[in-house]
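Engineer: Give me the fold of what follows.
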Amino acid sequence: MQLIKNYVRENYSLLFHHEPNNELTAIFDNKGFSFTVEAQNHYNVIKNQPHLYVAWTNDENGYYYIGKSFQLGGRWKRQHAYHLGTLAHHLHDTIRYDDQNHAHWIEKWMNMESLSNIDDNLFSVTLKKEVYISFIPFGLYSNQDTLTLPKTEIRKINTNIEKQLIQSYRDDNLTLLNVQHN
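Structural biologist: Below you'll find the predicted structure:
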């Protein structure tokens with residue numbers, strides 16, 4: 001696990017698109033948040049491959065979220081019922097019944113009372129600390145090529161390593177935003 005955690009700390013970028021010269025004010029629209037250019041570039045390389053990801057703040061408690069993806073395009077789509085889209089829907093109170101509940105991310109990462117309307121379809125919210133993200137390639141933690149493995153084996157490896165990584169961060173006494181693991 002230490003290899004993965006080292007990779008995370010050496011290969012990350014700011015998560016949210018933000019105001020120029022103000023990394024603590026995230027900008028979003030009705031569809032959702034957007035990555036920073038750097039995060040989007042990292043994501044474009046990995047989004048169509050199995051991978052893990054870790055999002056966190058440098059708060060003393062950590063506030064880490066660890067996840068996995070095996071789907072084309074990944075899970076960090078603005079229009080998706082996950083992550084970037086869902087966070088905006090929570091802030092606008094337009095959450096759908098089938099969206100994942102990420103209200104606890106907002107509580108730990110954002111100052112909800114700072115929600116501000118910039119124009120008709122552009123909003124901002126102040127972050128409590130910078131939020132970072134790292135995308136971890138499958139080959140780093142599996143030492144295997146996805147082209148030679150059946151999808152069931154890829155899913156099994158991803159799920160297993162995700163659970164181990166979650167436990168490793170729990171052992172570090174960091175607060176996880178993976179609800180089922182706190």
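
Engineer: Now do the SS call for the residue nearest to Asp145 when sequence neighbours are not counted.
Structural biologist: Among residues not flanking Asp145 along the chain, Gly139 sits closest, at 7.0 Å (CB to CB, 6 or more residues apart in numbering). All C-beta atoms are positioned from the backbone trio N, CA, C, and that covers glycine. Classification of Gly139 by DSSP: H, G, I helix; E, B strand; the rest coil places it in helix.

Engineer: now Gly139: how far from Gln49?
Structural biologist: Separation of Gly139 from Gln49 (CB to CB, to the nearest Å): 9 Å.

Engineer: the more surrounded of those two?
Structural biologist: With neighbours defined as other CB atoms under 10 Å, Gly139 and Gln49 compare such that Gln49 has more, 16 against 13.

Engineer: Now do the shared contacts for Gly139 and Gln49.
Structural biologist: Overlap of the contact sets of Gly139 and Gln49 (by CB atoms under 8 Å, 6 or more residues apart in numbering) consists of Thr146.

Engineer: Just the terminal-to-terminal distance for stretch 9-27.
Structural biologist: One end of stretch 9-27 to the other measures 25 Å (CA to CA, to the nearest Å).
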